[in-house]
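>>> sequence-free structure coming up:
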């Protein structure tokens, strides 16, 4: 017997069984698509809540860590020009790296404001020790560290 649309009752029953049996599959598939997107946005919001930006205060020196491809020197020079510090410290890694840093640094800062640590370093841990020892020898207590995020 034909019903509305020209289809038989058995056709509608079979479609109903198919939709009913695949309903949970559709929900699962939708969940697999929607949940990662929701999770991504939730993590972005939570990450934004965890970041705390402290106001920049005066420091004894700005320390430019070696390595990376960012504009570390430019940020350090900006800190000098804006009066947050009067000294810049570059860690001693190797001659080529230091020459590049010195050339970049001299573009905006006088030679008397730039220091290189006493110890040659090969790791971030050694950089931290060299900077600590150098700061103590200069009598500095407050440092700003410039590195890539």
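On my side now, so go ahead. Predicted, not measured: the structure shown is a model, and the values here were computed from it.

>>> Do you have the strands of this structure handy? List them.
Assigned by DSSP state E, the chain shows strands spanning 61-64, 88-92, 114-120, 143-146.

>>> among the ones you listed, which is the most enclosed?
Highest mean neighbour count of the strands of the chain: strand 61-64, a mean of 25 (counted as mean count of other Cβ atoms under 10 Å). Any C-beta I mention is one placed from the backbone N, CA and C, and that applies to glycine too.

>>> Please list the residues outside that one that contact it.
For strand 61-64, contacts defined as Cβ atoms under 8 Å, 6 or more residues apart in numbering pick out 72-73, 76, 79-80, 84-91, 101, 105, 115, 131, 135, 138, 140, 143-146.

>>> hmm, back to that, weakest of the strands of the chain by average pLDDT?
Sorting these by mean pLDDT places strand 114-120 lowest, at a mean of 74.

>>> Check which helices and strands that strand sits against.
Applying 3 or more Cβ pairs under 8 Å, 6 or more residues apart in numbering; DSSP states H and E, one finds that strand 114-120 contacts strand 88-92, helix 95-106, helix 124-138.
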